[in-house]
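Participant: pasting a predicted model and its sequence here:
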Amino acid sequence: MSAAIETDQLTKDYLVGFWRRRPYRALEGLNLKVNAGEVFGFLGPNGAGKSTTLKLLMQLIFPTGGSARILGRPVGDVAVRRRIGFLAENPYYYDYLTAEELLTYFARLFGYDGPDAAARVQRVLDEVGLGAERRLRLRQFSKGMVQRVGLAQALLNDPEVVFFDEPMSGLDPLGRRDVRDLILGLRARGCTVFFSSHILSDAEALCDRVAIVAQGRLAAEGDRKSTRLNSSHVSES
């Protein structure tokens, strides 16, 4: 099976301290292979290195060592960026815009315009349950509603691979169910889904395979049913 995402000894150090800055290793030698078309859970407690890994894959930060590839190409390849979607852990958008205006702006960044852009915006807002609120300004949205807008923008370009960083954050039980259904729908369409979480029930309900990171290192990887998920590695809070 072809790999949608691969990392090879991916490592990231941050400089910490004030007078005498010293390196802090947030991620060490991460080797992962995510197959095309699967839902892959990237699990671990807060501070384990999950968001750092996603930022490296999105080239929001750059590695100290190692490399990564998406859809067979190095991360940062412009052609690959058109084929992926990303939801950050704490998305923040222009809150003076309506949901419809914001997503139209993102659609134009992808090169969509006119009726095509309008149709895509309406479709993804309906998918995330915000069709009726599309003309409300984002400053009127709750945290959970902003999270849904983030999910919508990640799906605008019909991505082949989507990256979700804590996609259930801020959602009520109904919202969590909706996002689970959305992820399962993406898998049914053949989309690869890579999402981070510290909630075991999300992985148990959704994932084909999982990896567990702790203190910046890969602690376990494999099929969800055969990989031991326990509170020593992942917090259920």
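Facilitator: Received the coordinates, thanks. This is a predicted model, so every value here is computed, not measured.
Participant: biggest helix in the chain, by residue count?
Facilitator: Criterion DSSP state H: the longest helix present in the chain is helix 173-188.
Participant: pull out the buried residues from it.
Facilitator: For helix 173-188, burial by neighbour count (16 or more other C-beta atoms under 10 Å) applies to 175-176, 178-180, 182-183, 186-187. Where C-beta positions appear, they are placed from N, C-alpha and C, glycine not excepted.
Participant: same question for stretch 198-214.
Facilitator: Result for stretch 198-214 [16+ other C-beta under 10 Å]: buried residues 198-200, 202-203, 205-214.
Participant: tell me which of these fall in helices.
Facilitator: Using DSSP H, the buried residues of stretch 198-214 in helices are 200, 202-203, 205-206.
Participant: okay, and the beta partners of the spatially closest residue to residue 77 that is not a sequence neighbour?
Facilitator: Among residues not flanking residue 77 along the chain, residue 70 sits closest, at 7.6 Å (C-beta to C-beta, 6 or more residues apart in numbering). Using DSSP bridges, the bridge partners assigned to residue 70 are residue 5, residue 73.
Participant: and for residue 137?
Facilitator: Judged by DSSP bridges, the bridge partners of residue 137 are residue 98.
Participant: disregarding flanking residues, what is the spatial nearest neighbour of the most centrally placed residue in the chain?
Facilitator: Geometric centre of the chain, nearest residue: residue 164, 1.6 Å, by C-alpha atoms, centre = their mean. In this structure, residue 164 finds its nearest non-sequential neighbour in residue 195, 3.9 Å apart by C-beta to C-beta, 6+ apart.
Participant: buried set for the helix or strand encompassing that neighbour?
Facilitator: Residue 195 belongs to strand 192-197 when assigned by DSSP states H and E. Buried positions in strand 192-197, judged by neighbour count with 16+ other C-beta under 10 Å: 192-197.
Participant: so which of the residues you listed is the closest to residue 90?
Facilitator: Ranked by distance to residue 90 (C-beta to C-beta), those are led by residue 196 at 12.7 Å.
Participant: by average pLDDT, which secondary structure element in the chain comes out worst?
Facilitator: Sorting the helices and strands of the chain by mean pLDDT, DSSP states H and E puts helix 200-206 at the bottom, at a mean of 84.
Participant: mind listing the helices for the chain?
Facilitator: 50-57, 78-81, 99-109, 114-127, 143-155, 173-188, 200-206.
Participant: weakest of the ones you listed by average pLDDT?
Facilitator: Mean pLDDT is lowest for helix 200-206 among the helices of the chain, at a mean of 84.
Participant: packing partners of it?
Facilitator: strand 39-43, helix 173-188, strand 192-197 (3 or more C-beta pairs under 8 Å, 6 or more residues apart in numbering; DSSP states H and E).
Participant: tell me the one of the ones in helices among the buried residues of stretch 198-214 nearest residue 124?
Facilitator: For these, the closest approach to residue 124 (C-beta to C-beta) belongs to residue 206, at 19.7 Å.
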